[in-house]
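Novice: pasting the structure only:
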């Protein structure tokens, strides 16, 4: 419920801090005193359209702050969570700043937000009804939800929404599988050929690099094998110097005793040379063995490498990706083999989900028709006292078979204002005064079901008086027992039933040539005086005061 409304520099209001209370609060005052300014200010805080004309003349900006007590689990809390807004404590503070240049700024709990968030919160917190209301109860888009709330069908709607989601999921899965199977069927011959070709080729991970390295090594070996062989023949063949050197060493050994100081160094050097030549021969033989290759192996490696690269070009991929391409073709062939069975199963599951949805939707339609009869009966019971005894109200439930997350029904509130006239949508058929009374009857019938915690009625008693005004007051009072109600009224019968009474008036601003709107809470004696004014006009008589006293006592 609304706890407090603070207004700064809006039209005729300099500074206003208004504490709101439970039950029925009426706002009264002379025409033009500023009652509509209060409602326009609250609408601004609730995300209504901004207008530079709202800023008080001479001010650079205006500001409206509305504080609400919002219990845990209220839909407004869900709006906070959806928009990542801090949700601390029970109080919710909505603030709107209107700049003189037309721009506005919006805040929730002192966090800057987009106006659409204020609008979403406002819709969950406050309903405003008037003779020319174009929202809430007269909006056909809301009628189904209101009927469901009246009939206590929220659990059924959640069930139908879940079944709708299951059905849609199954349909999407079936459609995806149909597309896959159709594509695989169209490419079946190509897939089979590609699968066979790549299966025969059997590409392996990293095979291209291994083959390229092996081929490079064999081609390099072919180039150096001849040189290695020629050098080996020089060391180990018929012209090898090794035998001559060995013979020379033996000759020196025989002469070593004659000149040992000169002969022995030469012998050692020759011995070392023979050892080095032997090592060189062994290295050459190992090199020759390493360089040896089979020309046919080189040919096979080249053919394999060329075959892999040709396949990669053919299937528009790389040699490294050929194994994955082969796997994909295998999987798609398996999908072709298994897809028919899966598709058949998905058709059955989709049909089963649709049947479950339609069965639940049919049951919900029956409950909605039963609830529509009960709602019509409840509204009709309110109409005679509102001088609409010859009118009729119906909640038209039309089941057109078009499925949706809330079922297959369209709901619209229709009225017939007089016998013999054509019934039709409430907004099109009812006049301004009739519409206000129909809406009041609806709100009483709906009570606290599907209702915002704060209801505002803007002069719905215009053009009526006497018993009708008293009936309106009685119903506003009944609504006030269940929810917070604020009513702008010119009817003393309505004002007399209020739990709280606020007087709206204009006063001259001291020292300035302008007026400002003020709001005064009225207690018992002052209430009687204001109600007497509403009864008698400018000249308040004792008879008017006595009549006001009787009204207040009768409403107590």
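Specialist: Right, received. Where do you want to start? Owing to the predicted nature of the structure, the values given are computational and were not obtained by experimental measurement.
Novice: contacting residues for residue 76?
Specialist: Shown in contact with residue 76 (Cβ atoms under 8 Å, 6 or more residues apart in numbering): 68, 70, 92, 121, 124-125. Heads up, the C-betas are built off the backbone N, CA and C, glycines and all.
Novice: so how far is residue 157 from the residue nearest to the spatial centre of the chain?
Specialist: With distances taken as Cα atoms, centre = their mean, the residue of the chain nearest its centroid is residue 82 (7.8 Å). Distance, residue 82 to residue 157, using Cβ to Cβ, to the nearest Å: 20 Å.
Novice: likewise residue 3?
Specialist: In terms of Cβ to Cβ, residue 3 sits 32 Å off from residue 157.
Novice: phi first, then psi, for the closest residue to residue 524 other than its chain neighbours.
Specialist: Residue nearest to residue 524 in three dimensions, not counting chain neighbours: residue 552, with 7.9 Å by Cβ to Cβ, 6 or more residues apart in numbering. With angles defined as degrees, to the nearest 10, residue 552 sits at phi -70, psi -40.
Novice: and the closest residue to residue 4 other than its chain neighbours, bridged to which residues?
Specialist: Closest residue to residue 4 apart from its sequence neighbours, by Cβ to Cβ, 6+ apart: residue 67 at 4.3 Å. Taking DSSP bridges as the rule, residue 67 bridges to residue 4, residue 93.
Novice: likewise residue 55?
Specialist: Counting by DSSP bridges, the residues bridging with residue 55 are residue 10.
Novice: can you name the residues that contact it?
Specialist: Counting by Cβ under 8 Å, 6+ apart, residue 55 has contacts 9-10, 61-62, 98-100.
Novice: could you do residue 455 as well?
Specialist: Taking Cβ under 8 Å, 6+ apart, one finds 126-127, 129, 443, 479, 483-486 in contact with residue 455.
Novice: let me know the secondary structure of residue 21.
Specialist: Secondary structure for residue 21, judged by DSSP: H, G, I helix; E, B strand; the rest coil, is coil.
Novice: next one: phi and psi at it?
Specialist: Reported as degrees, to the nearest 10, the phi and psi values for residue 21 are phi -130, psi 170.
Novice: now, the contacts of residue 55 that are in helices?
Specialist: Using DSSP state H, no member of these falls within helices.
Novice: closest to residue 169 out of those residues?
Specialist: residue 98 (46.4 Å; Cβ to Cβ).
Novice: ok, now which ones touch that closest one?
Specialist: Taking Cβ under 8 Å, 6+ apart as the test, what residue 98 contacts is 10, 44, 50-52, 54-55, 61-64, 104.
Novice: which residues does it form a beta bridge with?
Specialist: Bridge pairing for residue 98 - DSSP bridges - gives residue 62, residue 104.
Novice: tell me the pLDDT of it.
Specialist: The model reports residue 98 with a pLDDT of 94.
Novice: one more: the one 3 residues further on?
Specialist: According to the per-residue confidence, residue 101 scores 92 in pLDDT.
Novice: was I right to think it contacts residue 52?
Specialist: Yes. Counting by Cβ atoms under 8 Å, residue 101 touches residue 52, with 6.5 Å between them.
Novice: what about the two, which has more around it?
Specialist: Legend: neighbour count by other Cβ atoms under 10 Å for residue 101 and residue 52, higher for residue 52 (14 against 9).
Novice: quick check: the more buried one touching residue 99?
Specialist: Yes. In terms of Cβ under 8 Å, residue 52 counts as a neighbour of residue 99; the distance is 7.4 Å.
Novice: which positions within stretch 531-551 qualify as buried?
Specialist: 531-536, 540, 544-545, 547-548, 551 (16 or more other Cβ atoms under 10 Å).
Novice: now for those residues, which pair is the farthest apart?
Specialist: Going by Cβ to Cβ, the pair spanning the buried residues of stretch 531-551 furthest: 540 and 551, at 14.1 Å.
Novice: how close does residue 473 sit to residue 66?
Specialist: 26 Å.
Novice: what about these two, which has more around it?
Specialist: Remark: of residue 473 and residue 66, residue 66 carries more neighbours, 28 against 25, as counted by other Cβ under 10 Å.
Novice: how near is the more buried one to residue 121?
Specialist: On the measure of Cβ to Cβ, residue 66 and residue 121 end up 10 Å apart.
Novice: mutual contacts of these two, please.
Specialist: With Cβ under 8 Å, 6+ apart as the test, residue 66 and residue 121 both reach 46, 94.
Novice: one step back: give me the buried subset of the contacts of residue 98.
Specialist: 10, 44, 50, 54-55, 61-64, 104.
Novice: now tabulate those in CSV and tack on distance to residue 275.
Specialist: Formatted as CSV, these follow (distance: Cβ to Cβ, whole Å):
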residue, distance to residue 275
10, 113
44, 108
50, 105
54, 112
55, 111
61, 106
62, 110
63, 106
64, 108
104, 102
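Novice: from those residues, pick the one nearest residue 422.
Specialist: Nearest to residue 422 among these, with distances taken as Cβ to Cβ, is residue 44, at 39.1 Å.
Novice: what helices or strands is the longest helix seen in the chain leaning on?
Specialist: Here the longest helix in the chain is taken by residue count, with DSSP H as the criterion, and it is helix 322-382. Where contact means 3 or more Cβ pairs under 8 Å, 6 or more residues apart in numbering; DSSP states H and E, helix 322-382 is packed against helix 140-151, helix 154-186, helix 188-201, helix 295-314, strand 392-399, strand 409-416, helix 432-446.
Novice: winner for burial among these?
Specialist: helix 432-446 (a mean of 22; mean count of other Cβ atoms under 10 Å).
Novice: would you mind identifying the next helix or strand past that one?
Specialist: strand 454-458 (DSSP states H and E).
Novice: so how far is that following strand from its chain's centroid?
Specialist: The gap between where strand 454-458 is centred and where its chain is centred comes out at 31 Å by Cα atoms, centre = their mean, to the nearest Å.
Novice: parallel or antiparallel, list what pairs with that strand.
Specialist: strand 126-130 (parallel), strand 484-488 (parallel).
Novice: rank the ones you listed by mean pLDDT and give me the bottom one.
Specialist: strand 126-130 (a mean of 82).
Novice: what angle do that strand and helix 432-446 make?
Specialist: With axes from the mean of the first three to the mean of the last three Cα atoms, to 10 degrees as the basis, strand 126-130 and helix 432-446 are set at 140 degrees to each other.
Novice: gap between strand 126-130 and the chain center?
Specialist: In terms of Cα atoms, centre = their mean, the centre of strand 126-130 is found 28 Å from the chain centre.
Novice: what's it in contact with?
Specialist: 2, 39, 42-43, 46, 135-137, 436, 439-440, 443, 451-460.
Novice: go with 6 Å
Specialist: With Cβ atoms under 6 Å, 6 or more residues apart in numbering as the contact definition, strand 126-130 has outside contacts at 46, 136, 439, 452, 454-458.
Novice: thanks a lot, catch you later.
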